[in-house]
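# All I have is the shape, not the residue letters:
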């Protein structure tokens, strides 16, 4: 019996928190999906996600809150898609590229 090698079959997303620990700005993610074009042509796959943050220190100094987009994941990390294999390949790239890992981790 031939056994297929392990391969990624799914993915999970972890978002930012609106109630973070000290010295971390609150934020949220906006997920963009391929959908609503019609029943047969929509995949409903995630095509990108954006991280938006609220800089507490800046808001306190300015006297008013400002939300701003920190990054688009597809653009920031050079991702082709958010399919399991592409996300796995991204993790493998981070394992050998410390600069990429630090960019992701920050």
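That came through, no problem. The structure displayed is predicted, hence computed values, not measured ones.
# isn't there a strand covering residue 100?
No - per DSSP: H, G, I helix; E, B strand; the rest coil, residue 100 lies outside any strand segment and is helix.
# Assign a three-state SS to the nearest residue to it once chain neighbours are set aside, would you?
By the measure of C-beta to C-beta, 6 or more residues apart in numbering, the closest residue to residue 100 outside its immediate chain neighbours is residue 94, 5.2 Å from it. From N, CA and C alone the C-beta is placed, and that goes for glycine too. Following three-state DSSP, we place residue 94 in the helix state.
# got it, and residue 59?
Classified using three-state DSSP, residue 59 is helix.
# Grab the nearest non-local neighbour of it.
Here the residue nearest residue 59, using C-beta to C-beta, 6+ apart, is residue 65, at 4.4 Å.
# ok, the one you found - how many residues close by?
By the criterion of other C-beta atoms under 10 Å, residue 65 has 12 neighbours.
# same thing with residue 79?
Residue 79, neighbours per other C-beta under 10 Å, totals 19.
# and it, which of the three is it?
coil.
# Name all residues that make contact with it.
Residue 79 is in contact with 73, 86-87, 90, counting by C-beta atoms under 8 Å, 6 or more residues apart in numbering.
# now do 7 Å
Applying C-beta atoms under 7 Å, 6 or more residues apart in numbering to residue 79 gives the contacts 73, 86, 90.
# would you turn those residues into a markdown table with neighbour count and secondary structure?
Output for those, formatted as a markdown table (neighbours: other C-beta atoms under 10 Å; DSSP: H, G, I helix; E, B strand; the rest coil):
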| residue | neighbour count | secondary structure |
| --- | --- | --- |
| 73 | 20 | helix |
| 86 | 13 | helix |
| 90 | 18 | helix |
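# Name the nearest of those relative to residue 4.
residue 86 (19.0 Å; C-beta to C-beta).
# Just to check, the closest one is in contact with residue 77?
No - using C-beta atoms under 7 Å, residue 86 makes no contact with residue 77, being 10.3 Å away.
# Find the residues that touch each one of those two.
In contact with both residue 86 and residue 77: no residue, using C-beta under 7 Å, 6+ apart.
# what about the strands in this structure?
27-33, 46-54, 67-72 (DSSP state E).
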